[in-house]
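Asker: Got a predicted structure plus its sequence, pasted below:
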Amino acid sequence: MSKEATTPQAIQRRLMHINRLHRCTVDSKVSKTGLPRSQHIMLMHLNRCDFKVSQKELAEHFEISPAAVAVTLKKLESDGYIEKAASKDDNRFNEIAITEKGRSVVEFSHKVFSEIDEKTFEGVSQEERIKLLEILDKIEANLKSILGKEEKNEKMRKPLRCCQASAPRR
């Protein structure tokens, strides 16, 4: 391997390329559901939340306007992927239920995600995976340190929603 290939810039470009390639792979496979990306992501998130989430919370989670959430939910409902009903406890809140059609998309998507995950790490040993995670942990800590040093006030120290170490958005 050349010295140029091991520079931090070359490694960073490689990581970004792998991230884009993974996203394209997922998008390509999930496109078979017939749902646009934004609706698919919303449906998958609703499935994870057990349907007990407000439009305001969805807007905050996805960092989009409540109006955009309303449009996406309305389209999912009109296409038969979800059903909405006013909450018994709070009239300002809609309870969302995924329909059988929606559940079939979720099940198909989970299968696709599992297949992609398995293929992605095919031929990578458990020891190599552990080492990769250790390296990624160091890189993540370094980036968090940089971010922490550059922030001016406590309000800005709040982790970016897109950077929170939580379950992948699937």
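Answerer: Ah, there it is.

Asker: CA atoms for contacts and neighbours, from now on please.
Answerer: Will do.

Asker: Buried ones in the host helix or strand of S109, by neighbour count?
Answerer: In this structure, S109 sits in helix 100-120 according to DSSP states H and E. Buried residues in helix 100-120, counted by 16 or more other Cα atoms under 10 Å: G102, R103, V105, V106, S109, F113, I116.

Asker: In contact with V106, which residues are there?
Answerer: L43, M44, N47 (Cα atoms under 8 Å, 6 or more residues apart in numbering).

Asker: Quick one: mean pLDDT for the host helix or strand of the first one?
Answerer: Under the criterion DSSP H and E, the helix or strand holding L43 is helix 37-48. Averaged across helix 37-48, the pLDDT comes to 93.

Asker: hmm, back to that, closest to I18 out of the buried residues of helix 100-120?
Answerer: I116 (13.1 Å; Cα to Cα).

Asker: Report the spatially nearest residue to that closest one, omitting neighbours in sequence.
Answerer: V26 (7.5 Å; Cα to Cα, 6 or more residues apart in numbering).

Asker: How many neighbouring residues does that neighbour have?
Answerer: For V26, the neighbour count with other Cα atoms under 10 Å is 17.

Asker: List every C-alpha atom in stretch 74-85, with coordinates, as CSV.
Answerer: In CSV, the C-alpha atoms belonging to stretch 74-85 read as follows (Å, rounded to 0.1, in the frame of the first residue of the first chain):
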residue,chain,number,x,y,z
LYS,A,74,-50.6,12.1,4.8
LYS,A,75,-49.0,10.4,1.8
LEU,A,76,-48.2,7.2,3.8
GLU,A,77,-51.8,7.2,5.0
SER,A,78,-53.4,7.8,1.6
ASP,A,79,-51.2,5.0,0.1
GLY,A,80,-52.3,2.6,2.8
TYR,A,81,-49.1,2.2,4.8
ILE,A,82,-50.3,3.7,8.0
GLU,A,83,-53.6,4.6,9.8
LYS,A,84,-54.0,7.6,12.0
ALA,A,85,-56.5,8.1,14.8
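
Asker: Great, nothing more from me.
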